[in-house]
Each structure stands twice: as C-alpha cells, then as structure tokens.
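Asks: Kindly generate the corresponding structure for this input.
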Amino acid sequence: MDKILYVTDLDGTLLNKQDKINPFSIKTINELVDKGMMFTYATARSLVSASKVTEGLSTNIPIIAYNGAFIIVPSTGEILSKEDFTDEERKKVRETLNEHGISPMVYSYVNGIEKVSWIPEFENDGVRRYLSQRKGDKRFRPVDNNDSLYEGEMFYFTCIGEKKELIPIYDIFSNDPRYRCTIMQELYRPEYWCEIMPAKASKYNAIVKYKEMFGCNKIISFGDSINDIPMFEMSDECYAVANAVDEVKAAATGIIDSNEDDGVAKWLLEHVSI
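Replies: Below you'll find the predicted structure:
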C-alpha cells in the first residue's frame, strides 16, 4: 500500500490574499489529518512566520521551511535537516551585494539564536511592508553597519527591490553551482524578491530527505509559483492552483481551484481515501 505524503506551498496556494487559510480548508485538512492523512507544507517562510499564518492547522509532522533549507518539527522547533553555506560562499555573497549596492535581509544564527538582520537606513517600501506584517517577531535585529549585518552563521539572504537592480544579482548566483538563487515578483505587489540559498536548499531536495526519513513512497504536491517547480519535479502527482503562474501550470498534472476558493482542500476532500 502506498504511503502518500501530501505537501502544499503556503503563499498563493493554501493561503488566501489576506495571508490566512480559509476556515473550510482548515476544517477539511484537520479532519483528514485526524483520520491519518500524512500532510505538511513547504514554504519559503521561516517556522516563526509560517506558524503565524497557519494557526489552527494540524501540523503533527515536520514542515519544510526556507525553500527547503530546513526540515523542522513545528511543535518543538527541532531542526531535523539543514543546508548551509561555507565561509567562502558567505564571503562571496557579501562582496557581490556590496559591489552592486544591495543591502539585503540576512538570516543567520547569532550566538546560536536565529536572527533576521537589516540596516534600517536602506529600507525600501518592500522591506517596510515585510517588517510591518511581522511586528513583534523576536528574530528581528536592526543594525547600523555592514559588519553587524553579516555577523553570525548566515544561511539565507533576501534582497527586496526593483527587478532591474536585482537581475544582475540573480544572473551571478544562478550561474554559480554553489548557490541556488530565485527571483520572483511579490504576490499582489510591484517589488521583486531575489533570494540566495545554498545549492542544495530546494523543496526537491527536502522532499527527497523527507521520503527517506518517513518512508513515503508517493508524493502529491500543490503550488503556484516558480519556486514550487522543483517540488513538482519530485512529485508523483502535482497540482497547480488556478491562480498559479503559467510555468507552474505547464509543469502540473492538473489545475485545481484557486487559493481563494479552497482548491487544495477541495481536491483532498475528493481524492483522499482513508
């Protein structure tokens, strides 16, 4: 008998435009999980951010965070798997961003504690919006100079801004096999996000590890954005929500209802037999 893992993206897939999960989706998924469905999510968000927007959703198995850089037990915060940079790779990111006048948000462990560092002097509208949506986040660490910005064990970099200023960064790191770099427009917003990760930090590789850890032999996934394509490539079946970008729809097994219309939950309710 197949041991199936159902895995969904969050933003634009399970979450609606208000960054919430519709009550119908929460009720449907929780009832199926209670009956034994193996369900998790894979997101570019951190556990802290994801936990806030998935409040009320049953997550009794580990989740995939930071685009696959981490597999984490949500109830305890225990990290089961982590991808990381070498010191030389971190140095290149710092030097390249400085050369191009880009001040990123830096995700790192400083004295063993997860922090998100940035220089307020260089905030733009996109960064301010990001910060305003996560008020009270204990990871936030505003700093006033580059040395402090790049302090600690850095594992993820996010650059928010105009496409024209981020494309050169994307071109450099997407062509360097030591890194994985993505660029995409923020949902419902004009700004772009360019994210720089270790090469093995992808939803694809995280699901490979997940299958080994939990003995899953079939993957069914749901997504909407470019960073979900690696997850689709690892899946036996993959479904794009109606609001997904064209590239994701082209890679999908099928198209389901939109994030606003409970597409994931409706598909699960119709197809999961427990």
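Asks: For the longest strand along the chain, what does the pLDDT average out to?
Replies: Of all the elements of type strand in the chain, the one with the most residues (DSSP state E) is strand 153-161. Averaged over strand 153-161, pLDDT sits at 95.
Asks: Not counting its neighbours along the chain, what's nearest residue 264?
Replies: In this structure, residue 264 finds its nearest non-sequential neighbour in residue 222, 4.8 Å apart by CB to CB, 6 or more residues apart in numbering. (Glycine included, C-beta is placed from N, CA and C.)
Asks: meant to ask about residue 25, not that
Replies: Residue 25 sits nearest to residue 265 (CB to CB, 6+ apart), 3.9 Å away.
Asks: List of residues touching whichever strand or helix holds the one you found?
Replies: Using DSSP states H and E, the element containing residue 265 is helix 263-271. Contact with helix 263-271 is made by 6, 8, 13-14, 22, 24-25, 28-29, 32, 37, 39, 222, 239, 241-242, 256-257, as judged by CB atoms under 8 Å, 6 or more residues apart in numbering.
Asks: Just these: which are in strands?
Replies: Counting by DSSP E, the contacts of helix 263-271 contribute 6, 8, 39, 222, 239, 241, 256 to strands.
Asks: The last one pairs with what?
Replies: When you say that, I think you mean residue 256. Residue 256 has these beta-bridge partners by DSSP bridges: residue 241.
Asks: how deep is the residue nearest to residue 25 tucked in, by neighbour count?
Replies: When counting by other CB atoms under 10 Å, one arrives at 25 neighbours for residue 265.
Asks: From residue 102, how far out is it?
Replies: Remark: distance between residue 265 and residue 102 (CB to CB, to the nearest Å) = 39 Å.
Asks: now swap in residue 192 and tell me
Replies: 12 Å.
Asks: Give me the phi and psi for residue 63.
Replies: phi -120, psi 160 (degrees, to the nearest 10).
Asks: So what are the sheet partners of the strand or helix carrying residue 80 and their directions?
Replies: Under the criterion of DSSP H and E, residue 80 resides in strand 79-82. Looking at strand 79-82 with DSSP bridges, its partner strands are strand 70-72 (antiparallel).
Asks: I'd like to know the average pLDDT value across the partner strand.
Replies: 94.
Asks: now what about that strand, what contacts it?
Replies: 47, 62-65, 78-83, 206, 209-210, 213.
Asks: at 10 Å instead, please
Replies: Residues from elsewhere that reach strand 70-72, judged by CB atoms under 10 Å, 6 or more residues apart in numbering: 40, 42, 46-47, 50-51, 59, 62-66, 78-83, 155-156, 201, 206-207, 209-210, 213.
Asks: in this structure, which spans are strands?
Replies: Going by DSSP E, the chain shows strands at 4-8, 38-41, 63-65, 70-72, 79-82, 105-110, 113-118, 140-142, 153-161, 179-185, 192-198, 218-223, 237-241, 254-256.
Asks: among these, which is nearest residue 126?
Replies: Evaluated over the strands of the chain, closeness to residue 126 peaks at strand 153-161, with 3.9 Å, by CB to CB.
Asks: about what we covered before: what comes into contact with the strand holding residue 80?
Replies: Applying CB under 10 Å, 6+ apart, the contact partners of strand 79-82 are 47, 62, 64-66, 68-73, 109, 114, 155, 198, 201, 205-206, 209-210, 212-213.
Asks: what's across from the residue nearest to residue 166 when sequence neighbours are not counted in the sheet?
Replies: Closest residue to residue 166 in three dimensions, ignoring its sequence neighbours and counting by CB to CB, 6+ apart: residue 194, at 4.2 Å. In this entry, residue 194 is beta-bridged to residue 159, residue 183, by DSSP bridges.
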